[in-house]
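Undergrad: Quick one, what's the 3D model for this:
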Amino acid sequence: MLLPPPRKVLIVGCGYIGKPLALRLWEQGHEIHAWVHSAASAGALAGCRFHRVITGSVADPALWESLPGEFDLVIHAASSGRGGAEAYREVFLEGLRQINTRQSRARRLMVSSTSVYGQTAGEWVTEESLAEPATETGRILREAEKATLGSGGIVVRSAGIYGPGRSVLLEKFRKGEAVIEGDGDRWINQIHQRDLVAALEHLVQAGEPGQIYNAADNEPVTQRDFYAWCAEFLRQPMPLHGPVAVNRKRGLTNKRVANVKLRGAGWQPVYASFREGFPADYSPK
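TA: Model prediction:
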């Protein structure tokens, strides 16, 4: 468990999830070192009273060698920046290799994705379910997970993230770009940004080393039912039906993600479902 502050904390990927998490830990008195990939991302941290901001590739050994010794906690919350397999190898495989070898004594959390579950029949999946993704990026992510678990780190598999300023599905609907694919029965799994940040903060204290936790809200929803809710919420017509989009970067899956293990560890989402989460950040126009 993370001891009382001040402790040295490294947040790798201090963006949509990492930044609010870093701020919460900083408010608790911890010494925060924030790692970002670009100067633009570093600029977004201007005004944050962090101890240090590191800018560059998480796979760069020279940057790792420049760090001030060992940390008490390292959280990998970086994304691939919408990149392909090469970006995944850099950010996840090599980045986590650096963390696991150079910071092996630290408490370590990796933010992964529920896209590693390749199930397609709408079944419920838990942390014990097979995780055999069909895409190359998914397989890279799974390999990074195994390395983290094998070295005693904690893996948090996040469902689709939405929140302030970010909702791919709702924005598609708002812009008239949404399509009900096939019969609309494919399941969607989501989590609000605030709830994912709270889950990570909670697992810093309560998570068991070498364990996986699914981070999702309490209510998976079919695509058809989600868009029906959007139609009422935004006072817009339902989207038209169209073919199933099979060429997805993270693969075409259809499953319901269970969060029972995370709730059993003492976490509860503030937004039990999108029905509570979206109105907190968006208003119909």
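Undergrad: tell me the contacts of the closest residue to Q190 other than its chain neighbours?
TA: Counting by Cβ to Cβ, 6 or more residues apart in numbering, G160 is the residue found nearest to Q190 once chain neighbours are left out, at 4.7 Å. (C-beta placed from N, C-alpha, C; glycine too.) Shown in contact with G160 (Cβ atoms under 8 Å, 6 or more residues apart in numbering): V168, L169, I188, N189, Q190, I191.
Undergrad: swap in T114?
TA: Residues counted as contacts of T114 (Cβ under 8 Å, 6+ apart) are V125, R157, S158, A159, N189, N214, A216, K255, V257.
Undergrad: Go through those and say which is closest to P239.
TA: N189 (19.7 Å; Cβ to Cβ).
Undergrad: wait, the closest one sits on P220?
TA: Yes: taking contacts as Cβ atoms under 8 Å, N189 lies within contact range of P220: 5.0 Å.
Undergrad: Check the contact lists of those two and give me the overlap.
TA: With Cβ under 8 Å, 6+ apart, N189 and P220 have common neighbours R256, V257.
Undergrad: quick one: which of the two has more around it?
TA: N189 (25 against 21; other Cβ atoms under 10 Å).
Undergrad: where does the most centrally placed residue in the chain fall, phi/psi-wise?
TA: Centroid check for the chain by Cα atoms, centre = their mean gives S158 as the closest residue, at 4.3 Å. Here is the backbone geometry of S158 (degrees, to the nearest 10): phi -90, psi 140.
Undergrad: which residue packs closest to it, ignoring adjacent ones?
TA: A215 (4.8 Å).
Undergrad: Return the residues in contact with that neighbour.
TA: A215 touches V156, R157, S158, A159, I191, D195, L196, A199, L200, N259, L262, counting by Cβ under 8 Å, 6+ apart.
Undergrad: just the strands in the stretch 51-200 of the chain please.
TA: Using DSSP state E, counting those that start in this stretch, the strands found in the stretch 51-200 of the chain span residues 52-55, 73-76, 107-113, 123-125, 154-158, 160-162, 180-181, 187-188, 190-192.
Undergrad: Kindly state which of those is positioned closest to A34.
TA: strand 52-55 (5.0 Å).
Undergrad: And that closest one, what's buried?
TA: V53, I54, T55 (16 or more other Cβ atoms under 10 Å).
Undergrad: ok, those residues vs A144, which is closest?
TA: Once Cβ to Cβ is applied, the member of the buried residues of strand 52-55 that ends up nearest A144 is I54, at 19.9 Å.
Undergrad: Bridged to the closest one, which residues?
TA: W35 (DSSP bridges).
Undergrad: Any figure for the gap between it and A39?
TA: 12 Å (Cβ to Cβ, to the nearest Å).
Undergrad: Can you tell me the element D217 falls in?
TA: Under DSSP states H and E, no helix or strand contains D217.
Undergrad: Thought A272 was touching it, still the case?
TA: Yes: between D217 and A272 a contact is recorded at 6.1 Å, counting by Cβ under 8 Å.
Undergrad: So between these two, which is more surrounded?
TA: D217 (26 against 14).
Undergrad: and the gap between E65 and S151?
TA: 20 Å.
Undergrad: ok, the two, which is more surrounded?
TA: Using other Cβ under 10 Å, the more surrounded residue of E65 and S151 is S151, with 17 against 8.
Undergrad: Show the contacting residues for the spatially closest residue to the more buried one that is not a sequence neighbour.
TA: Using Cβ to Cβ, 6+ apart and skipping residues adjacent in sequence, the residue nearest S151 is N100, 4.3 Å away. Residues in contact with N100 (Cβ under 8 Å, 6+ apart) are R108, A147, T148, S151, G153.
Undergrad: By neighbour count, which of those wins?
TA: When neighbours are taken as other Cβ under 10 Å, the top entry among those is G153 (26 neighbours).
Undergrad: Tell me, what's the model's pLDDT at A77?
TA: A77 carries a pLDDT value of 98.
Undergrad: Does it touch G15 like I think?
TA: Yes: at 7.4 Å, A77 and G15 qualify as touching, with contact defined as Cβ under 8 Å.
Undergrad: who's more crowded, these two?
TA: More neighbours surround A77 than the other of A77 and G15, with 24 against 19 (other Cβ under 10 Å).
Undergrad: show me what contacts that one?
TA: I11, V12, G13, C14, G15, I17, G18, L21, V111, L200.
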